[in-house]
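Student: Fold the following.
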Amino acid sequence: MKIISYHQLTTQEGGLQVQKGMNFGVKKNYSIVLMSTAKNAPYVDEVFDDGVIEYEGHDAPKSTDYNKKMVDQPAYTKTGRLTENGKFLKAVDDFKKFKRNAAKIQVYRKIKPGVWVDMGFYELMDGYQRNDGNRNVFKFLLKPIFDFDSDGEDFQDIVHDRQIPGDVQREVYERDNGQCTQCGSTENLHFDHIIPFSKGGSSKTASNIQLLCAKHNLKKGAKFV
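Tutor: Next up is the predicted model:
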């Protein structure tokens, strides 16, 4: 997973200034979501051990008439148009009815102000409502897409790259001063398992994760550093 600045994110998306968390159909062939697993994040997003993301839908617009954290997340606006929640739900429904392929979603994960992780592409597989104790919220399941044969050690490693906890990512980024531990570069940084998951290394502890630039990440492969 590559670490990028917001400027790089914008450049990568052809100059699109992505501001909202949910952005359905903003690109010709895919949608974009921004997520965070920080404890103070406004929404509860989670990455499971198989790399699947459970992404929380978005609240009603801010209003003096209600506390948006106490009202159900809407699928429609007051004028009857689909909200971003509604657009995602419709894509799920059409997928389940074989009217379309699973919607392709580019995911970016915030680890600190101005610093993002390019999580890669996912498929929108499901959507449902859940009560959080105060109101009904939407949850969407995003399944990671991989561009190579899903066998072998390399596949295991890339799956577990996708589910390094957000607090571990933040700790590693701060500990390594936002630079490659091998050469000090601050460009093209990636999170790397010191002991690969396929060889028993953990994705859950910062002591087994380091920052490497693309050059040293590729050089290492699944070998020990």
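
Student: any idea how far the residue lying farthest from the centre of the chain is from residue 71?
Tutor: The outermost residue of the chain relative to its centre, with distances by C-alpha atoms, centre = their mean, is residue 65 at 32.3 Å. Look at residue 65 and residue 71: by C-beta to C-beta, to the nearest Å, they are 9 Å apart. Backbone N, C-alpha and C define where each C-beta goes, glycine included.

Student: Next: residue 104.
Tutor: 31 Å.

Student: what does residue 199 give?
Tutor: 49 Å.

Student: Which strand runs longest in this protein?
Tutor: As assigned by DSSP state E, the longest strand anywhere in the chain is strand 115-131.

Student: which helices and strands sit right next to that one?
Tutor: strand 2-5, helix 6-12, strand 31-35, helix 84-96, strand 104-112, strand 136-144 (3 or more C-beta pairs under 8 Å, 6 or more residues apart in numbering; DSSP states H and E).

Student: Same list, those, but as TSV with distance to residue 170 and mean neighbour count please.
Tutor: Output for these, formatted as TSV (distance: least, C-beta to C-beta, whole Å; neighbours: other C-beta atoms under 10 Å):
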stretch	distance to residue 170	mean neighbour count
strand 2-5	11	17
helix 6-12	16	15
strand 31-35	14	22
helix 84-96	26	19
strand 104-112	5	21
strand 136-144	21	20
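
Student: Of these, give the one that comes closest to residue 207.
Tutor: strand 104-112 (17.7 Å; C-beta to C-beta).

Student: For that closest one, give the mean pLDDT please.
Tutor: Mean pLDDT, strand 104-112: 95.

Student: Check stretch 13-32 too.
Tutor: 96.

Student: mind saving the C-alpha coords of it as PDB?
Tutor: The C-alpha coordinates for stretch 13-32 follow below in PDB (Å, rounded to 0.1, in the frame of the first residue of the first chain):
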ATOM      1  CA  GLU A  13      -7.400  11.300  -9.800                       C
ATOM      2  CA  GLY A  14      -6.800  13.600 -12.700                       C
ATOM      3  CA  GLY A  15      -7.100  16.800 -10.700                       C
ATOM      4  CA  LEU A  16     -10.400  15.900  -9.100                       C
ATOM      5  CA  GLN A  17     -10.700  17.600  -5.700                       C
ATOM      6  CA  VAL A  18     -12.200  14.800  -3.600                       C
ATOM      7  CA  GLN A  19     -13.800  16.200  -0.500                       C
ATOM      8  CA  LYS A  20     -16.700  14.000   0.400                       C
ATOM      9  CA  GLY A  21     -16.200  10.500   1.900                       C
ATOM     10  CA  MET A  22     -18.500   8.900  -0.600                       C
ATOM     11  CA  ASN A  23     -18.200   9.800  -4.300                       C
ATOM     12  CA  PHE A  24     -20.300   7.400  -6.500                       C
ATOM     13  CA  GLY A  25     -19.600   7.500 -10.200                       C
ATOM     14  CA  VAL A  26     -17.200  10.500 -10.100                       C
ATOM     15  CA  LYS A  27     -14.900   8.700 -12.500                       C
ATOM     16  CA  LYS A  28     -15.900   7.000 -15.800                       C
ATOM     17  CA  ASN A  29     -15.200   3.500 -14.600                       C
ATOM     18  CA  TYR A  30     -15.100   3.700 -10.800                       C
ATOM     19  CA  SER A  31     -16.200   5.500  -7.700                       C
ATOM     20  CA  ILE A  32     -14.100   6.800  -4.800                       C
END
